[in-house]
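Asks: this one's sequence-less:
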């Protein structure tokens with residue numbers, strides 16, 4: 001598989017991993033250290049920007065920091081900005097620049113910033129914002145402080161790192177089975193190794209194994225319900241394993257095996273255009289920067305709740321689909337069970353709403369809801385959050401795959417069967433509910449597809465010469481009365497961080513069964529249904545799909 005090329009991961013919101021460019025000076029007397037030169041700095045701001053008192057975090061506009069820093073600043077009222085501000089990784093760019101150039105002014109400013117931060121943000125002190133000492137800012141800040149400690153031996157810095165270590169080792173604050181827990185272990189290991197505290201290093205190593213086993217299953221699937229976090233976790237595990245070896249410790253086999261298995265999961269979670277499918281808290285702009293290799297399988301089901309299929313590897317115009325099921329919503333997941341996405345003929349067709357932000361607002365909470373995904377809903381029944389779903393049946397063929405899933409998220413059994421035909425691209429989805437209940441479904445199309453027509457149970461969308469048609473049947477009869485909403489309550493998508501764009505969402509009428517057929521590349525597919533068979537432009541399949 002080709003090497004994918006955009007940021008390795010999103011830290012908190014959009015902190016891009018990667019070190020700033022490092023030009024080798026003609027003469028340099030400062031020793032470079034592993035603690036400072038590792039892959040832990042965000043791509044912005046640069047050291048010179050920090051020296052000018054201007055920092056840009058999580059993709060938001062630059063903030064004028066000034067000489068005297070206001071540590072209560074929150075210019076954008078954005079939680080991720082606040083967390084990254086107090087991670088002090090932007091300060092760490094100064095120490096790295098000092099190592100690279102030997103210019104003392106960078107180190108002096110780094111010490112000045114950090115000493116002021118330590119004095120004004122003491123743990124538990126009146127006036128200190130609680131989020132400053134939350135688990136993730138503490139974890140991420142530790143690397144910057146450890147880096148500084150290689151060139152500054154002041155007591156206030158050692159005292160601050162001791163406070164960090166005590167919080168990191170507190171079992172009540174540990175985020176077991178989560179990427180935050182991995183970061184906590186990396187941070188505690190760093191402090192333990194730096195100050196020869198074997199008790200801290202032992203604890204970090206012991207906890208890390210347990211957390212990895214919970215966060216990455218034996219198939220290599222990330223359990224946090226947002227595939228893009230698999231890239232972040234993979235990168236952090238590389239850091240953890242490197243640090244363990246540097247500390248003279250053997251890397252447990254369970255950690256290295258699951259880290260390696262993550263690569264297959266990341267590859268299967270990546271669409272033919274190179275971007276990861278935006279499931280859960282994952283935006284459509286996430287492109288892993290790592291070599292995953294080329295998996296042997298083109299179709300893969302994961303017990304963690306994912307079905308992925310494609311026609312080929314390394315071909316942008318390959319077809320690709322995803323289906324969600326599995327454990328109830330947690331961590332970075334959404335209420336997207338039984339939801340599908342579809343990519344065909346080199347473009348997104350059916351998409352998920354994506355990831356907007358971690359802000360506590362109505363739109364963020366709506367993006368988590370079933371209405372933000374391509375799912376069936378049961379008319380007159382109340383939705384039950386965090387309900388698990390099952391993959392009941394599968395049927396694989398070279399040019400066709402079919403799956404049946406079910407759950408009781410609405411109190412009765414709702415069942416969805418999905419068939420994907422390749423070559424002649426067709427996706428067919430059959431939705432039913434037990435007890436004679438009627439069902440309705442939603443279909444969110446890519447935002448570049450404009451509505452062309454909606455009549456007679458057929459909805460046609462397109463962009464230029466490309467067209468795609470949605471047809472709905474019930475017991476072989478056309479279902480009419482689809483509504484298409486662009487904007488309003490349902491017609492939105494967030495392909496990038498903090499973006500909100502209108503898109504077309506097709507809302508079906510209610511029926512006892514709904515067979516939805518999506519045909520890319522045409523505005524007039526020939527569809528017929530009789531004798532338990534459906535034929536779409538010469539492609540025939542059973543009405544029950546599987």
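Replies: Perfect, thanks for sending it. The structure presented is a predicted model; accordingly, all values stated were derived computationally and were not measured. Numbers count the residues shown, from 1 in each chain.

Asks: And residue 501, its phi and psi?
Replies: Torsion angles at residue 501 (phi, psi; degrees, to the nearest 10) stand at phi -120, psi 140.

Asks: tell me the contacts of the residue nearest to it when sequence neighbours are not counted?
Replies: Counting by CB to CB, 6 or more residues apart in numbering, residue 447 is the residue found nearest to residue 501 once chain neighbours are left out, at 5.0 Å. C-beta: built from backbone N, CA, C; applies to glycine. Applying CB atoms under 8 Å, 6 or more residues apart in numbering, we find residue 447 in contact with 351, 493, 495, 501, 502, 503, 504.

Asks: Quick one: neighbours of the nearest residue to residue 57 once chain neighbours are set aside, just the number.
Replies: Among residues not flanking residue 57 along the chain, residue 84 sits closest, at 4.6 Å (CB to CB, 6+ apart). Residue neighbour count, defined by other CB atoms under 10 Å, stands at 25 for residue 84.

Asks: Let me know the distance separating residue 84 from residue 44.
Replies: To residue 44, residue 84 is 11 Å away according to CB to CB, to the nearest Å.

Asks: so what sits against both of those two?
Replies: Counting by CB under 8 Å, 6+ apart, the contacts common to residue 84 and residue 44 are residue 57.

Asks: quick check, nearest of the contacts of residue 447 to residue 249?
Replies: Within the contacts of residue 447, distances to residue 249 taken as CB to CB reach their minimum at residue 495, with 41.8 Å.

Asks: so how many other residues sit close to that closest one?
Replies: Other residues lying near residue 495 total 22 when counted by other CB under 10 Å.

Asks: can you pull the contacts of it?
Replies: 278, 283, 284, 285, 354, 447, 501.

Asks: Hmm, the last one is touching residue 491, no?
Replies: No. Using CB atoms under 8 Å, residue 501 and residue 491 do not qualify as a contacting pair, with a distance of 9.5 Å.

Asks: Between those two, which is the more surrounded one?
Replies: Taking other CB under 10 Å, residue 501 and residue 491 do not tie; residue 491 has more neighbours (19 against 14).

Asks: so that one bridges to which residues?
Replies: Here residue 491 sits in beta bridges with residue 487, going by DSSP bridges.

Asks: So it versus residue 251, what's the distance?
Replies: Distance, residue 491 to residue 251, using CB to CB: 48 Å.

Asks: now residue 70
Replies: Look at residue 70 and residue 251: by CB to CB, they are 42 Å apart.

Asks: Counting neighbours, go ahead and name the busier of these two.
Replies: Between residue 70 and residue 251, counted using other CB under 10 Å, the more crowded position is residue 251 (18 against 10).

Asks: Would you mind giving the secondary structure of the nearest residue to that one once chain neighbours are set aside?
Replies: Closest residue to residue 251 apart from its sequence neighbours, by CB to CB, 6+ apart: residue 241 at 4.8 Å. Secondary structure state of residue 241, per DSSP: H, G, I helix; E, B strand; the rest coil, is helix.

Asks: Surely residue 241 is in contact with residue 255?
Replies: Yes. Counting by CB under 8 Å, residue 241 does reach residue 255; the two are 6.6 Å apart.

Asks: between those two, who's got more neighbours?
Replies: Under the neighbour definition other CB under 10 Å, residue 241 and residue 255 were set side by side, and residue 255 has more, 21 against 17.

Asks: burial count for the closest residue to the more buried one other than its chain neighbours?
Replies: Leaving out its chain neighbours, the residue that sits closest to residue 255 by CB to CB, 6+ apart is residue 212, at 5.1 Å. Summarising burial for residue 212: neighbours were counted as other CB under 10 Å, giving 24.

Asks: which element is residue 212 on?
Replies: Secondary structure assigned from DSSP states H and E places residue 212 in helix 198-215.

Asks: my guess is residue 197 contacts residue 191, does it?
Replies: Yes. Under the criterion of CB under 8 Å, residue 197 lies in contact with residue 191, with a separation of 6.9 Å.

Asks: Now do the shared contacts for those two.
Replies: Where contact means CB under 8 Å, 6+ apart, the residues bridging residue 197 and residue 191 through contact with each are residue 165.

Asks: Tell me which of the two has more neighbours.
Replies: Just comparing residue 197 and residue 191: by other CB under 10 Å the higher neighbour count belongs to residue 191, 23 against 16.

Asks: just checking, that one touches residue 161?
Replies: Yes. In terms of CB under 8 Å, residue 191 counts as a neighbour of residue 161; the distance is 5.6 Å.

Asks: Identify the contacts common to the two.
Replies: Common contacts of residue 191 and residue 161 (CB under 8 Å, 6+ apart): 142, 146.

Asks: any chance of the contacts of residue 447 in CSV, plus distance to residue 360, secondary structure and pLDDT?
Replies: Compiled in CSV, the contacts of residue 447 are given as follows (distance: CB to CB, whole Å; DSSP: H, G, I helix; E, B strand; the rest coil; pLDDT from 0 to 100):
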residue, distance to residue 360, secondary structure, pLDDT
351, 25, coil, 97
493, 21, strand, 96
495, 21, coil, 92
501, 21, strand, 96
502, 23, strand, 97
503, 24, coil, 97
504, 28, strand, 98
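
Asks: that older thread, any idea how far the residue nearest to residue 255 is from residue 537?
Replies: 48 Å.

Asks: before we move on, what about residue 78?
Replies: With distances taken as CB to CB, residue 78 is found 48 Å from residue 537.

Asks: neighbour count winner among the two?
Replies: Set side by side, residue 78 and residue 537 give different neighbour counts by other CB under 10 Å, the larger being at residue 78 (19 against 14).

Asks: how close does the more buried one sit to residue 44?
Replies: Residue 78 sits 16 Å away from residue 44 when distances are taken as CB to CB.

Asks: For the stretch 101-250 of the chain, which segments count as helices?
Replies: Secondary structure of the stretch 101-250 of the chain (DSSP state H, counting those that start in this stretch): helices at 104-120, 135-149, 155-168, 179-194, 198-215, 228-246.

Asks: Kindly reformat those as CSV containing distance to residue 360.
Replies: Conversion of the helices of the stretch 101-250 of the chain to CSV gives the following (distance: least, CB to CB, whole Å):
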stretch, distance to residue 360
helix 104-120, 26
helix 135-149, 16
helix 155-168, 24
helix 179-194, 18
helix 198-215, 25
helix 228-246, 20
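
Asks: So which of those helices is nearest residue 408?
Replies: Residue 408 sits nearest to helix 198-215 of all the helices of the stretch 101-250 of the chain, at 25.9 Å, using CB to CB.

Asks: who does the closest one touch, helix- and strand-wise?
Replies: In terms of contact count using 3 or more CB pairs under 8 Å, 6 or more residues apart in numbering; DSSP states H and E, helix 198-215 is assigned the packing partners helix 155-168, helix 179-194, helix 228-246, helix 253-268.

Asks: From the chain's centroid, how far away is the shortest one?
Replies: Pointing back at helix 155-168 there. On the basis of CA atoms, centre = their mean, to the nearest Å, the separation between the geometric centre of helix 155-168 and that of its chain is 32 Å.

Asks: Repeat that for the second one.
Replies: For helix 179-194, the gap between its own C-alpha mean and the chain's C-alpha mean amounts to 22 Å (CA atoms, centre = their mean).

Asks: likewise the longest one?
Replies: Using CA atoms, centre = their mean, the mean C-alpha position of helix 228-246 is found 16 Å from that of the whole chain.

Asks: can you list the weak-confidence ranges in the stretch 251-400 of the chain?
Replies: Within the stretch 251-400 of the chain, the set of residues satisfying pLDDT under 70 is empty.

Asks: shaky segments in the chain?
Replies: Counting by pLDDT under 70, the chain contains low-confidence residues at 1-28.
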